[in-house]
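**Student:** How does the following fold in three dimensions:
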Amino acid sequence: MKWSLQQLSVAKHKPFTFEETIDLSSVMKLNTEIRSVSPISVKGEVVYTGSLITFKLDIDGELILPCSRTLADVKFPIDIHETIYFHPEDVYVTASVDPDDIHFFEGDVIELLPAIEELVLLEIPISIFADEDVEGPAPKSGKDWELFKKEEQNNRIDPRLADLAKFFEKKE
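**Tutor:** Purely as a prediction, here's the structure:
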């Protein structure tokens, strides 16, 4: 998604809108936890005021991420509504926008794809969980540990303390 300043100069007179579907599979190289990326729909409006170019974006799509508990595939919907600002690097910023929110560019071309990748990567949660009944490749038990539900925990006796229960039994 590259835009030349000449194409964007139309937005100086009136905002214009665009709609594209992009392949964002490149984010799988940036975050190896992402297993799959659906085609991403990007809708936006461009406003060009002074030397500041504003993109108001709506980004929709779906990622497949691993469940933090079972490693099963979990569908994670992406629905981002964000405003991105671009400004030429060699021009003094006069806009009332925080400079930390501005993406600076050189030359006559604005590349929107890296900004969209950044927004999608920031949307990914630290941990995500599948429904309880989903089986995944992660083991449910191992050496000296076992995964069980909270209801099972209340009725369960720790095997290390099982012999203590015999302590209070009366011997005849």
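**Student:** Stretch 21-41 spans what distance, first to last residue?
**Tutor:** 4 Å (Cα to Cα, to the nearest Å).
**Student:** Stretch 64-76 too?
**Tutor:** By Cα to Cα, one end of stretch 64-76 lies 6 Å from the other end.
**Student:** For the chain, give me the ranges with low pLDDT.
**Tutor:** 94, 132-156, 170-172 (pLDDT under 70).
**Student:** A165 - that's part of a strand, no?
**Tutor:** No: counting by DSSP: H, G, I helix; E, B strand; the rest coil, A165 falls outside a strand, being helix.
**Student:** got the residue ranges for the helices in this structure?
**Tutor:** 5-8, 27-30, 113-123, 150-154, 162-165 (DSSP state H).
**Student:** residues making contact with the third one?
**Tutor:** Think helix 113-123. Identification of contacts with helix 113-123 by Cβ atoms under 8 Å, 6 or more residues apart in numbering yields 1-2, 22, 24, 26-27, 30-31, 40, 42, 55, 57, 59, 61, 63, 78, 80, 82, 84, 103. Placement of C-beta: from N, CA and C, glycine included.
**Student:** Mind doing that once more with 6 Å?
**Tutor:** M1, V27, N31, I78, I80, E82, I84, H103 (Cβ atoms under 6 Å, 6 or more residues apart in numbering).
**Student:** circling back to that earlier point, now for the helices of the chain, which one comes closest to S68?
**Tutor:** helix 113-123 (16.3 Å; Cβ to Cβ).
**Student:** what comes up buried for the closest one?
**Tutor:** Residues of helix 113-123 classed as buried under the neighbour-count rule (16 or more other Cβ atoms under 10 Å) are A115, I116, E117, L119, V120.
**Student:** picking that back up, of the helices of the chain, which approaches F129 most closely?
**Tutor:** Across the helices of the chain, closest to F129 is helix 150-154 (Cβ to Cβ), at 14.4 Å.
**Student:** Buried ones among the contacts of helix 113-123?
**Tutor:** Using 16+ other Cβ under 10 Å, the buried members of these are V27, I78, I80, E82, I84, H103.
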